[in-house]
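J.: need coordinates for the below:
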Amino acid sequence: MGKQFGVTLRKIRRLSQSTLWFRFERNDGELVSFEPGQFFRFEFSDKAGDFERAYSPCNFGQGVADTPYLDLVVSYVDGGRASQYLFHCDEGIAATVGGPFGRLVVPKKLPARLFLVATSVGIAPFMPILRALTPAMQARELEVVLLFGARTRDEFLFRQEIAAIDGQFDCFTLRICYSRESLVDSKAFEFSGHVTGQVVSFSPDPDSDTFLLCGNPQMVDDCFALLRNMGFSARQVVREKYVFARKARPQKRKVLTAEQKRLIAEKANKYSSPDNS
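T.: Numbers count the residues shown, from 1 in each chain. Okay, the predicted model is just below:
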């Protein structure tokens, strides 16, 4: 685990109607080192004070895990504190970063087939992983299957980068599943439904396959249960859930009982009495 360091927001780009991309650069100019797939904890400050959120970098350039910046992809959550802050901020805001953390990384020993299963911004950690796997795919050392779930075509994040990989490598298989859009003029990699339904079609084999899951907790749990029933061990299915933090609900005002009111009145009389010393 690395020490904390300061960063500054340098670039903002819209990826979809509900998703933004951010680039945070280190203030000290040093490189950020992490294993592709790991995450960092970002501490921000708003009018209510400091708060923390965990994000997996989606760095995809050369030297993805050895650069002076961290790229993030953030989906808007209604009422979310981080959403309210980041979706209304300007370039130049500061944050403190700690990490890296997590075990959603490329296995030390490559399997015959590696499945990357993501929904929404859960695709983020798989972008640097795909870049890191490029030499292995060029050498045909493994097969890579990316199953990506989105609600609509607009939410197919990193479309150009992923489509380029799909066109470059025969050992790479892409399937995009849309849960809220009827497909018209669909491409070969586009499907209706959920990613969980696509897993079975590949006849996963515990003797040769490894799964990395990231995204909606329900998807992660459903896929894990499915794979466990197929004979996969927990070590063969690495999971990371993206739980969206929502605005804390204000606590309801407590109603005092008659006895509590009596005790408070007694204390008030006691400490307001001129005879008290």
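
J.: and what about the residue nearest in space to the middle of the chain, helix, strand or coil?
T.: Nearest residue to the geometric centre of the chain (CA atoms, centre = their mean): Gly122, 4.4 Å. Three-state call for Gly122 (DSSP: H, G, I helix; E, B strand; the rest coil): helix.

J.: report pLDDT for it.
T.: On the pLDDT scale, Gly122 is placed at 96.

J.: without its sequence neighbours, what residue ends up closest to it?
T.: In space, not counting the residues next to it along the chain, Gly122 is nearest to Gly215; the distance is 2.7 Å by CB to CB, 6 or more residues apart in numbering. C-beta coordinates here come from the backbone N, C-alpha and C atoms, glycine included.

J.: spit out the contact partners of that neighbour.
T.: Val117, Ala118, Thr119, Ser120, Val121, Gly122, Ile123, Gly149, Lys241, Tyr242 (CB atoms under 8 Å, 6 or more residues apart in numbering).

J.: closest to Leu157 among the residues you listed?
T.: Ile123 (5.5 Å; CB to CB).

J.: for Ile165, which non-adjacent residue is closest in space?
T.: Phe172 (5.6 Å).

J.: wait, I meant Arg14
T.: Arg14 sits nearest to Leu20 (CB to CB, 6+ apart), 5.7 Å away.

J.: so what sits opposite the one you found in the bridge?
T.: Arg14, Val74 (DSSP bridges).

J.: re earlier: can you say which of the contacts of Gly215 are buried?
T.: Buried subset of these (neighbour count, 16 or more other CB atoms under 10 Å): Val117, Ala118, Thr119, Ser120, Val121, Gly122, Ile123, Gly149, Tyr242.

J.: let me know the closest of the residues you listed to Arg180.
T.: Out of these, the member with the shortest distance to Arg180 (by CB to CB) is Gly149, at 10.6 Å.

J.: next structured bit after the helix or strand harbouring that closest one?
T.: Using DSSP states H and E, Gly149 maps to strand 143-150. Sequence-wise, the next helix or strand downstream of strand 143-150 (DSSP H and E) is helix 159-168.

J.: so what secondary structure elements neighbour that next one?
T.: helix 126-132, strand 172-178 (3 or more CB pairs under 8 Å, 6 or more residues apart in numbering; DSSP states H and E).

J.: deepest-packed of those, please.
T.: Neighbour counts (mean count of other CB atoms under 10 Å) averaged over each of the helices and strands packed on helix 159-168 peak at helix 126-132, with a mean of 23.

J.: what comes into contact with that one?
T.: Residues from elsewhere that reach helix 126-132, judged by CB under 8 Å, 6+ apart: 36-37, 57-61, 64-65, 105-106, 116, 118, 144, 146, 158, 161-162, 165, 212, 214.

J.: would you agree Ser179 is in contact with Gly149?
T.: Yes. With contact defined as CB atoms under 8 Å, Ser179 reaches Gly149; the gap is 6.6 Å.

J.: please enumerate the shared neighbours of the two.
T.: By CB under 8 Å, 6+ apart, the residues touching both Ser179 and Gly149 are His194.

J.: sorry, back to before: what distance do you get for the residue nearest to Gly122 to Ser56?
T.: Note on Gly215: its distance to Ser56, by CB to CB, to the nearest Å, is 11 Å.

J.: got it, and Leu15?
T.: In terms of CB to CB, Leu15 sits 15 Å off from Ser56.

J.: these two: which is more packed in?
T.: Ser56 (31 against 19; other CB atoms under 10 Å).

J.: count the residues that sit near Phe224.
T.: So Phe224, with other CB under 10 Å, has 17 neighbours.

J.: Leu174 contacts Gln168, correct?
T.: No. Leu174 is not in contact with Gln168 according to CB under 8 Å; the separation is 11.3 Å.

J.: residue ranges of the helices in the protein, please?
T.: 81-86, 126-132, 134-138, 159-168, 195-199, 217-229, 258-272 (DSSP state H).

J.: and the fifth one, what other elements does it pack with?
T.: Judged by 3+ CB pairs under 8 Å, 6+ apart, the packing partners of helix 195-199 are strand 113-119, strand 143-150, strand 172-178, helix 217-229.
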